[in-house]
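Enquirer: coords below, sequence missing:
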């Protein structure tokens, strides 16, 4: 199993970023996928999740209306479009398979998102 997250960076409040996660080593097309984020000293928390076919998505309350999760099953990739970013969105973002929790104990390196002026 491998997750390779990318697309993070430094952005000003109100800005946008699009994260990507390339997944391999398991049945991506039949797997629900999720994005998580973690800040130092806190547990990793769910941000957004999407069903295997992309027909259903769910978001953590603080990102609803600002973030959009999507996927391309032909590319084994899941995306997170983040708009209207806030300082409190600063975190390392990770992806994993699963809907009710991470399916795999393995995590990728994550991608750092820093929202600052």
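Expert: Perfect, thanks for sending it. Remember, it's a predicted structure, so these values are computed and weren't measured experimentally. Numbers count the residues shown, from 1 in each chain.

Enquirer: and residue 15, how far is that from residue 87?
Expert: To residue 87, residue 15 is 11 Å away according to CB to CB, to the nearest Å. No exception for glycine: its C-beta is placed from N, CA and C like everyone else's.

Enquirer: Show me the common contact partners of those two, please.
Expert: Both residue 15 and residue 87 are contacted by residue 115, under the criterion CB atoms under 8 Å, 6 or more residues apart in numbering.

Enquirer: out of the two, which sits in the busier spot?
Expert: Each of residue 15 and residue 87 has its neighbours counted (other CB atoms under 10 Å); residue 15 has more, 14 against 11.

Enquirer: Pull the contacting residues for the more buried one.
Expert: Contacts of residue 15 (CB under 8 Å, 6+ apart): 85, 115.

Enquirer: Quickly find the element holding the residue nearest the centre of the chain.
Expert: The C-alpha lying nearest the average C-alpha coordinate of the chain belongs to residue 35 (CA atoms, centre = their mean; 2.8 Å). Using DSSP states H and E, residue 35 sits in strand 33-38.

Enquirer: who are the neighbours of that strand, in terms of helices and strands?
Expert: strand 17-24, strand 45-50, strand 67-72, strand 77-82, strand 91-97 (3 or more CB pairs under 8 Å, 6 or more residues apart in numbering; DSSP states H and E).

Enquirer: angle of the fourth one against strand 67-72?
Expert: So the one you mean is strand 77-82. Here strand 77-82 points in a direction 160 degrees away from that of strand 67-72 (axes from the mean of the first three to the mean of the last three CA atoms, to 10 degrees).

Enquirer: Equivalent analysis for the longest one, please.
Expert: Relative orientation of strand 17-24 and strand 67-72, computed by the same axes, to 10 degrees: 40 degrees.
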